[in-house]
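A.B. asks: The sequence and its predicted three-dimensional model are supplied below.
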Amino acid sequence: MHTVVERELELYLVLSPERSIPVPARFTYRSDDPYAVHITFHIGSESPVHWTFARELLVEGVFRPCGQGDVRVWPTKSQGRSVVLMALSSPDGDALLEAPAAIVSAWLERTLRVVPPGSEAERLRIDDGLAELLAPTVADDLWLGRPQLGSPYDEPQDGE
């Protein structure tokens, strides 16, 4: 069983230093995908916009600038409020989004209680999956015991 931690909040799409517009968003964290955070932006189009990136990036970005390339996150002040800025880049365009730092931090804290940092790999159960994939099967036993004729592993017979 996995746990989902969600939070609906209003972000602001920064259009210029003087102008921004509200954008409803949903932050989602799933313990079965422990390294990632998922953000869905409802921008008034037919389908919402989805972004997925490392939870660690958002955690660090609450305290100091981090990230490069498609996702960059950093804390700042806006109109006397602590906010987190997220710069997102894609082939479709760029966006600068502003989120209330206290709400993002509280949501992140909930995700860190569900899956503490450093314990993510345990949630993936990679070792269990590999063991299942590599476990011998009845077909393996049959093949190893009596290879099919014409197999490249067949020993040549006398007279061949």
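C.D. replies: Nice, I can see it.
A.B. asks: What pLDDT does the model give Ser82?
C.D. replies: Ser82 is assigned a pLDDT of 97 by the prediction.
A.B. asks: count of neighbours near it?
C.D. replies: 14 (other Cβ atoms under 10 Å). Placement of C-beta: from N, CA and C, glycine included.
A.B. asks: which residue packs closest to it, ignoring adjacent ones?
C.D. replies: Ala101 (3.9 Å; Cβ to Cβ, 6 or more residues apart in numbering).
A.B. asks: any idea how far Leu11 is from the one you found?
C.D. replies: Remark: distance between Ala101 and Leu11 (Cβ to Cβ, to the nearest Å) = 12 Å.
A.B. asks: Neighbour count for the two, which is higher?
C.D. replies: A side-by-side neighbour count of Ala101 and Leu11, using other Cβ under 10 Å, places Leu11 first with 24 against 20.
A.B. asks: Dig out what the more buried one forms beta bridges with.
C.D. replies: Applying DSSP bridges to Leu11 yields these beta-bridge partners: Val23.
A.B. asks: what sits against it?
C.D. replies: Pro22, Val23, Pro24, Ala25, Phe41, Leu97, Glu98, Ala99 (Cβ atoms under 8 Å, 6 or more residues apart in numbering).
A.B. asks: From Arg110, how far out is the residue nearest to Ser82?
C.D. replies: Distance from Ala101 to Arg110, by Cβ to Cβ: 15 Å.
A.B. asks: Tally up the residues packed near the closest residue to Phe63 other than its chain neighbours, please.
C.D. replies: Spatial nearest neighbour of Phe63, excluding adjacent residues (Cβ to Cβ, 6+ apart): Pro75 at 6.4 Å. By other Cβ under 10 Å, the residues close to Pro75 number 16.
A.B. asks: quick one: the helices in this structure?
C.D. replies: 55-61, 101-114, 120-124, 126-134, 138-145 (DSSP state H).
A.B. asks: any idea which residue sits dead centre in this protein?
C.D. replies: The residue lying closest to the centre of the chain (Cα atoms, centre = their mean) is Ala36, at 2.3 Å.
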